[in-house]
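Asks: The sequence and its predicted three-dimensional model are supplied below.
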Amino acid sequence: MTAEAEQLRQDGHPIEKWAVGWMLLSLALWAWFGYRFLLDDDRGRFAPAEGGRALVGILALAVIPTIITAATLVYARVLFRLASRTGQKADEGS
């Protein structure tokens, strides 16, 4: 494996760890949203929720880390794939 491929692989590992951290945060926020949503379940079908604005805020807070998680996971996978391709090209050239 070339030094460039090894560097790409090493760069991918911290990014992957950040993605796991973002994933844990987003799961916690989704659990909080689910808890609050189920807590408001006793209202009528079309009655406005008492904490409707809070639910929307929690939902927005849950969506943002979910998107960041997806982006960081994709970026880490791209780095790992580039590292493997760079390593394969170096092996073919030898």
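Replies: Great, that's in hand. Residues are numbered from 1 along each chain as shown.

Asks: low pLDDT regions in this structure?
Replies: 1, 41-50, 91, 93-94 (pLDDT under 70).

Asks: Mind jotting down where the helices sit in it?
Replies: 3-39, 52-93 (DSSP state H).

Asks: The shortest one to helix 52-93, inter-axis angle?
Replies: Spelled out, it's helix 3-39. 160 degrees (axes from the mean of the first three to the mean of the last three C-alpha atoms, to 10 degrees).

Asks: what helices or strands is helix 3-39 leaning on?
Replies: helix 52-93 (3 or more C-beta pairs under 8 Å, 6 or more residues apart in numbering; DSSP states H and E). For every residue, glycine as well, the C-beta is placed using N, CA and C.

Asks: okay, which residue is most central for the protein?
Replies: residue 69 (1.4 Å; C-alpha atoms, centre = their mean).

Asks: Name the nearest residue to that one, ignoring sequence neighbours.
Replies: Computed as C-beta to C-beta, 6 or more residues apart in numbering, the closest residue to residue 69 that is not its neighbour in sequence is residue 22, at 4.2 Å.
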